[in-house]
Each structure stands twice: as C-alpha cells, then as structure tokens.
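In: build me a model:
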Amino acid sequence: MRFRSGTPPARFFLALCVWRLVQRRDAAGTEEVVFGKVGGSILLLCRNVSKEATEVVWFQGDPHSFPPLFSSRVTFPPDVRFSLVDNSSLRITELRVQDEGNYTCKEVLNKTDHEHRVQLLVANPPHSTPKCWAETSSSGLMLQLFCSWPGGYPHPTLHWREEGHDLENSSWVISSTSSSDTHVETLNSSHLSHRKVFKCVGSHVVKQEQPACTVEIKIPSLESEPPKTCFVGDNVTLTCRVTESTPAARLTWLRGITQPEVEIQPGGRYLIAQEGNVSRLTIRNCSQGTDGGCYVCKAQNPVGLRELFVCLTVKQPVNIVGVVGAVVVLSLLAILTVTGIVLYYNPLLCLRGQLRIHASTCGCQRPSYRRQDWQGWYSKTSSVLPKGLLWGRFLMLSFPFPSLPFRCCIQVSVDFPQPSAAWPC
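Out: Here you go, the predicted structure:
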C-alpha cells in the first residue's frame with residue numbers, strides 16, 4: 001500500500017515516530033533574520049549541525065506541527081521549490097510573499113537535539129525612484145521637506161540631508177531618518193537661504209543602489225501689469241504674478257505705503273481671486289477719494305518675502321454732451337472769425353458766391369497721443385499777391401482743447417477764386 005504521494009506506509013510511520021521523538025525533547029534554539037526578494041531564491045542555514053546527527057528536519061511556522069516541511073531521511077509530498085543543501089540547509093527558489101514566516105530546523109542526535117530558528121522576510125523593492133518636494137507648514141513659519149518612495153516591502157529607509165552636510169548632525173534639525181514610504185523633515189525658517197539644496201537618499205534591504213532626489217528652495221519673485229486707470233464708478237482689476245517660489249508663496253494685498261500693515265480682506269467692494277501663482281484684486285465702483293494710489297502685492301514663504309507696488313489712477317468721467325456742444329459753438333465762432341479776417345483785408349472783394357468757407361471737426365478720441373503734438377494752433381498761407389490780393393486756399397485753422405480728457409479739434413478753411421478782369425468791383 002502507498003499513499004497518493006508515493007510514500008510507502010512504513011516510511012511514513014517511521015517519519016511520524018521521528019517527529020514525535022523530536023517534539024518530546026527540549027531544545028535550545030538560536031534565531032536570525034534573512035531577507036529574500038520576490039521571484040529570487042534564498043538559502044536558510046541550519047547552523048552548527050553535528051556530524052553525529054541522524055536526521056535534520058525543517059518546519060514552517062509551528063515547530064511542533066506535522067508533517068514537517070522537509071526531512072533529510074523521509075520524503076514528504078514534494079514542492080519542487082524546496083530542496084536540501086549539504087543534507088542540512090533549506091533552499092527555496094521562486095520566492096513568493098506567502099513563503100514569508102518563521103522556519104525551524106532540528107537535528108536529531110542520540111542523546112539531545114539542536115534547534116535553530118530563522119525568520120524569512122520576502123521583500124519587494126520599490127520600482128520607481130524617490131520623489132521630493134517642499135511645502136510650508138500650517139503656521140507659515142516652518143519649511144517641510146517631503147520625500148516619498150512607495151511600493152516596496154518592507155518600508156524603505158529615507159534620509160534627508162543638506163548638500164554637503166548631514167542634517168542629523170545639525171542642531172537645528174527637528175526629526176530624523178525614518179523607515180516609511182514617506183519621510184517629512186521640518187526645518188526652522190531662520191536657517192534657510194535662497195537656492196539652498198536638500199537631498200533625500202533612499203535605501204532598501206534588497207536593493208544595492210541608493211537612489212536620491214533633491215529640492216532647491218527659492219525666495220519668491222514677482223511681476224505685475226502696467227499701472228491701471230479707472231473712471232469713477234467703474235470696476236478695475238489689478239494683477240500680481242509669482243514667477244518663482246519654492247515652496248509655493250502666500251499672496252496677499254496691502255493698501256499701500258499709507259497703510260502698510262493693513263491687509264485687504266475680500267468682501268464689499270473688494271474681490272480677491274487666486275489661480276495657481278496669479279492673484280487678482282478687483283475693486284468695484286472706483287472712488288477717487290479712497291481708491292487712487294499704489295497697492296502692495298506681497299508674496300511670502302519660509303525662505304523670505306517680496307513686495308511689489310501696483311499703482312491705480314482714478315479719474316472723473318467726461319460729459320460727452322457738453323463736449324459736443326462746445327465743438328459746435330466753437331465751429332461757428334471759427335467761421336465768423338475767418339470771414340471777418342477776409343473782409344478786413346479785402347473790403348472791396350466781390351465774393352458773389354464764389355468764396356467758399358469750410359468748417360469740419362477732427363472728431364474726439366481717447367488721448368493716445370502726446371500733448372505737444374496738438375497744443376496751440378496751426379495756420380498755413382498758400383500765396384500772397386503783391387497788391388495784397390489773395391487766392392487759392394487762404395487759411396486753415398486748427399483749434400485743439402488740451403483741457404479736455406478727449407482729443408477734440410475743428411478745422412476751418414477758405415477757398416478764393418483767382419482774380420479776373422471780369423470782376424465788376
């Protein structure tokens with residue numbers, strides 16, 4: 001008769017007797033911890049085996065369980081991944097996570113037994129590389145350095161240090177090296193400086209190389225748009241942008257040099273919106289008395305702070321109806337003035353409908369010009385006869401209005417016919 005595994009009944013009962021013999025005896029054991037890698041192989045040594053040992057038996061888990069995992073004398077239902085080396089040590093190939101646990105080897109002697117315990121940890125190293133970044137603590141005064149290297153078993157060992165220095169040997173380091181997927185180092189801002197570099201080094205029990213990542217901390221840098229103009233009663237938006245900062249900076253708006261410590265809070269006529277590294281301050285219903293002047297955009301992180309002035313000009317709106325009326329009146333006045341000049345120099349001139357006077361406006365537009373380009377008035381004379389008679393385009397006048405916020409002007413021109421003998425004057 002044979003069992004399904006092919007083991008004869010006599011050998012099976014012999015193994016049972018040997019197991020019971022081993023179980024009854026007291027053993028003095030030793031312990032060690034070994035690491036194996038998933039998919040790899042490991043050799044568990046049964047140390048100090050005597051040459052007089054009649055049998056070496058390996059157990060997984062409970063050393064008093066039956067049947068044992070392996071025996072140097074009896075063949076149990078086999079697992080091809082397990083084998084004995086030198087008739088004592090246990091080799092396991094194609095390691096699995098399920099193989100992790102405690103193993104015990106017992107050597108059977110004539111008068112006593114020797115027991116050796118081994119703890120096997122089946123490790124799986126992280127497949128990626130460590131990732132580093134910096135953040136500001138909730139208090140806003142401390143720098144937090146994060147180093148993360150997940151996906152391994154057991155946890156990797158992560159160690160922060162300053163480039164060229166060991167953080168753990170510095171008196172201002174708060175925490176130390178840790179064995180976890182993520183390690184956070186918290187540093188006081190008084191020991192930080194612009195462009196200082198920190199490095200995180202990772203290690204794992206089954207990984208020979210030690211990958212690393214770095215963080216370079218930076219003080220904020222700011223830029224803004226050109227000065228803005230707002231008419232009374234309108235809305236205007238001031239923009240401030242962070243171009244560089246590690247860790248990210250906190251952006252706030254201050255009223256300016258008149259109230260340098262007063263932070264503008266959103267609400268009422270003020271709306272503050274921040275998207276990423278851009279902050280926008282919207283002022284509703286501009287007031288010339290309270291809103292004009294310069295505002296301060298403030299960016300701060302544990303490394304330092306920067307401030308930038310953003311200026312706003314508030315103007316009164318223009319009465320368009322009044323401007324149009326003034327242009328019409330001045331146009332008529334210009335026509336009468338030119339007519340008077342012509343008649344003064346030529347009192348006997350027979351116009352007879354041949355003298356043509358033209359008046360037109362240049363229009364009004366926003367002041368995208370230089371004031372000196374249109375101040376004063378301009379006149380031009382085509383030609384003058386020796387007798388004082390004039391012909392052709394005699395005079396062109398341009399009247400600007402520099403006191404108005406719009407560019408407005410009128411042009412007047414007079415055309416004369418050439419003199420002829422047929423004139424009856």
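In: where does the closest residue to residue 255 other than its chain neighbours fall, secondary structure wise?
Out: Using CB to CB, 6 or more residues apart in numbering and skipping residues adjacent in sequence, the residue nearest residue 255 is residue 262, 5.1 Å away. Glycine gets a C-beta too; all of them are placed from N, C-alpha and C. Using DSSP states H and E, residue 262 falls within strand 259-263.
In: picking up where we left off before, the residue nearest to residue 255 reaches residue 256, doesn't it?
Out: No: if you go by CB atoms under 8 Å, residue 262 and residue 256 don't touch, sitting 9.1 Å apart.
In: the more surrounded of the two?
Out: It is residue 256, of residue 262 and residue 256, that has more neighbours when counted by other CB atoms under 10 Å, with 16 against 12.
In: measure residue 67 to residue 94 for me?
Out: Distance check for residue 67 against residue 94: by CB to CB, to the nearest Å, it reads 22 Å.
In: so those two - more neighbours on which side?
Out: Neighbour count, other CB under 10 Å: between residue 67 and residue 94, residue 67 has more, with 16 against 11.
In: residue 59 versus that one, what's the distance?
Out: For residue 67, the distance to residue 59 - CB to CB - is 9 Å.
In: which helix or strand in this protein has the lowest average pLDDT?
Out: helix 9-24 (a mean of 38; mean pLDDT, DSSP states H and E).
In: any idea of the mean pLDDT in the following helix or strand past that one?
Out: The first helix or strand that comes after helix 9-24 along the chain, using DSSP H and E, is strand 29-37. Taken as a whole, strand 29-37 has a mean pLDDT of 81.
In: let me see the ranges of the strands in the stretch 51-200 of the chain.
Out: For the stretch 51-200 of the chain, the strands defined by DSSP state E, counting those that start in this stretch cover 55-60, 70-71, 82-85, 89-92, 101-108, 113-123, 131-136, 142-148, 157-162, 178-179, 182-188, 197-203.
In: how about these, which one is nearest residue 275?
Out: strand 131-136 (18.5 Å; CB to CB).
In: what distance separates the start and the end of stretch 83-91?
Out: Start-to-end span of stretch 83-91 (CA to CA, to the nearest Å) is 5 Å.
In: contacts for it, please.
Out: 41-46, 49, 53, 56, 58, 69-70, 72, 82, 93, 103, 105, 107 (CB atoms under 8 Å, 6 or more residues apart in numbering).
In: could you list the buried residues of it?
Out: 88, 89, 90 (16 or more other CB atoms under 10 Å).
In: can you read off the pLDDT for the second one?
Out: The reference is to residue 89. Note for residue 89: predicted pLDDT of 90.
In: now it. Nearest residue, chain neighbours left out?
Out: Nearest to residue 89 is residue 45, by CB to CB, 6+ apart, at 4.9 Å.
In: any stretches of the chain with poor pLDDT?
Out: For the chain, the stretches flagged by pLDDT under 70 are 1-30, 76-77, 110-112, 164-176, 257-260, 319-324, 342-425.
In: mind jotting down where the helices sit in it?
Out: 9-24, 320-345 (DSSP state H).
In: quick check: phi and psi at residue 234.
Out: phi -90, psi 180 (degrees, to the nearest 10).
In: that one and residue 283 touch, don't they?
Out: No: the criterion here is CB under 8 Å, and residue 234 misses it with residue 283 at 9.3 Å.
In: surely residue 285 and residue 269 touch.
Out: Yes: in this structure, residue 285 is within contact of residue 269 by CB under 8 Å, at 5.8 Å.
In: list the residues that contact the closest residue to residue 295 other than its chain neighbours.
Out: Leaving aside its sequence neighbours, residue 295 sits nearest to residue 310 (CB to CB, 6+ apart; 5.0 Å). Residue 310 makes contact with 224, 225, 227, 228, 238, 239, 240, 294, 295, 296, 297 under the criterion CB under 8 Å, 6+ apart.
In: is there a quick PyMOL command that grabs whichever of these are buried?
Out: With 16+ other CB under 10 Å as the criterion, this PyMOL line picks the buried residues out of the contacts of residue 310:
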select buried, resi 224+228+238+240+295+296+297
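In: could you dump the contacts of residue 310 into JSON lines and include distance to residue 184?
Out: Putting these into JSON lines (distance: CB to CB, whole Å) gives the following:
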{"residue": "224", "distance to residue 184": "34"}
{"residue": "225", "distance to residue 184": "38"}
{"residue": "227", "distance to residue 184": "43"}
{"residue": "228", "distance to residue 184": "42"}
{"residue": "238", "distance to residue 184": "37"}
{"residue": "239", "distance to residue 184": "34"}
{"residue": "240", "distance to residue 184": "30"}
{"residue": "294", "distance to residue 184": "40"}
{"residue": "295", "distance to residue 184": "36"}
{"residue": "296", "distance to residue 184": "33"}
{"residue": "297", "distance to residue 184": "30"}
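In: still on that earlier bit, tell me which of the strands of the stretch 51-200 of the chain lies nearest to residue 252.
Out: It's strand 131-136; of the strands of the stretch 51-200 of the chain, that one is closest to residue 252 (CB to CB) at 13.7 Å.
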